[in-house]
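Asks: from the sequence below, what's the structure:
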Amino acid sequence: MQKFFLGNASIIMGLLIIVGCNKSVETDPTPTEIPKIEGVEVEVGSNKPEPNKEYNITIKDVDYELIHEKEQSIIRIKDAEIFETNTSDFYHTAEYYRQKGDEETAYIYDHQNEYEKAVQRYENLVNSLSSLPKNTHINIETHLHNSSMTPEENMEITEIRAKNLLDRFLAEEKLKHLSFSAKGFGDTIGAYPNINEEFRWMNNRVELILSPEN
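Replies: Model (predicted):
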């Protein structure tokens, strides 16, 4: 008898639960509208480079080395690619000196193809840097090693070189989306051991350090 009541009780409870569930669930015939996700337009080159990003760049007809380090890349250029040896001056065209009224120097430049090549190398450098994304900072470092000059003379030349290159870059319309800083180091930081003439000339260099702008 007890088993009979227990069995019926279980059946009745089950029916009550089913009925209760059917009453509590009400379906809405109106379809749910999925929210539309609008696309975001991103300007090319506007994103800040990720940490440890390698800046890949190619400079036509320029003797340089591209070095990747943590959070920055270094373009190491032999100084003779764009500067006159042991001076703080850029290579210029013969026409530049004619406009200055210096016919003697213009005549020399007319007969020295190396000067004209250096002008083109500088233009190639600017064109390559113009491809860098926005929010890229370029720190210009100029270095020399020359045993025939005093450390003070080396420092003076590299400081003027750094300023000249900074001024030139700032005047380039193609580089307006980049930021710059510059410093000359004289012969205080060698990239190579000063054990022979070849290494000493290799220490005469310009380094452009590329990193995300702070």
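
Asks: please, where are all the helices along this protein?
Replies: With DSSP state H as the definition, the chain shows helices at residue ranges 2-24, 94-99, 103-110, 113-129, 151-171, 197-202.

Asks: let's have those helices in TSV, adding mean neighbour count, mean pLDDT and distance to residue 64.
Replies: All C-beta spots, glycine's among them, are computed from the backbone N, C-alpha and C. Output for the helices of the chain, formatted as TSV (neighbours: other C-beta atoms under 10 Å; pLDDT from 0 to 100; distance: least, C-beta to C-beta, whole Å):
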stretch	mean neighbour count	mean pLDDT	distance to residue 64
helix 2-24	9	45	75
helix 94-99	16	87	24
helix 103-110	14	86	24
helix 113-129	17	90	8
helix 151-171	17	94	14
helix 197-202	14	77	12
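
Asks: and of those, who's closest to residue 184?
Replies: Within the helices of the chain, the stretch nearest residue 184 is helix 151-171; the backing value is 3.1 Å (C-beta to C-beta).

Asks: of all the helices of the chain, which lies closest to residue 145?
Replies: Evaluated with C-beta to C-beta, these place helix 197-202 nearest to residue 145, the distance being 4.8 Å.

Asks: CA atoms only: put that closest one into CSV for me.
Replies: Only the C-alpha atoms of helix 197-202 are listed here, as CSV (Å, rounded to 0.1, in the frame of the first residue of the first chain):
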residue,chain,number,x,y,z
GLU,A,197,92.7,51.6,-41.1
GLU,A,198,89.7,49.8,-42.5
PHE,A,199,87.9,49.6,-39.2
ARG,A,200,88.7,53.2,-38.4
TRP,A,201,87.0,54.4,-41.6
MET,A,202,84.0,52.2,-40.9
